[in-house]
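Chemist: model the structure of this input:
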Amino acid sequence: MNLVQMLEALNQRWKLLVRLFLLVLALLVVIDAIPALVDKEKAHTAMELLPGFWSVYGFISCVLIVYVSKWFGDIGIMRREDFYDD
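Modeler: Predicted coordinates:
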């Protein structure tokens, strides 16, 4: 299976992937909420004491990076496929 086939297969199962990622995020929040698994005594801010704070923070950061990258692409980085042919 080459990369193109793999991307097409993932694209066809997009809803399943989103559900899987949301499930992993929820699992990380649950694991973070269990005090025996995550030591929060050395938290630097009050926000770090919230269950799942770093999971949600990482998720929001990733989504923000994707949208900012797409915005950069739209404002001028991306070119037509035949840009260098002219």
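
Chemist: helix, strand or coil for the spatially most central residue of the chain?
Modeler: Computing the C-alpha centroid of the chain and ranking residues by CA atoms, centre = their mean puts C62 first, at 4.3 Å. Three-state call for C62 (DSSP: H, G, I helix; E, B strand; the rest coil): helix.

Chemist: okay, R19: pLDDT?
Modeler: Here, the pLDDT recorded for R19 equals 95.

Chemist: cool, and L23?
Modeler: At L23, the model reports a pLDDT of 94.

Chemist: and it, its phi and psi?
Modeler: With angles defined as degrees, to the nearest 10, L23 sits at phi -60, psi -40.

Chemist: then G52?
Modeler: Torsion angles, degrees, to the nearest 10, at G52: phi 80, psi 10.

Chemist: do the same with the one 3 residues further on
Modeler: The main-chain torsion angles of S55 are listed as degrees, to the nearest 10 and equal phi -70, psi -50.

Chemist: what is the burial count for it?
Modeler: Neighbourhood size, S55 [other CB atoms under 10 Å]: 18. All C-beta spots, glycine's among them, are computed from the backbone N, C-alpha and C.

Chemist: how near is the closest residue to it other than its chain neighbours to P35?
Modeler: Nearest non-adjacent residue to S55, counting by CB to CB, 6 or more residues apart in numbering: L28, 4.2 Å away. Distance of L28 to P35, given as CB to CB, to the nearest Å: 15 Å.

Chemist: more neighbours: which of the two?
Modeler: Comparing L28 with P35 by other CB under 10 Å, the one with more neighbours is L28, at 16 against 10.

Chemist: helix, strand, or coil at the more buried one?
Modeler: helix.

Chemist: do I have it right that it meets V56?
Modeler: No: taking CB atoms under 8 Å as the definition, L28 is not a contact partner of V56, at 9.1 Å.
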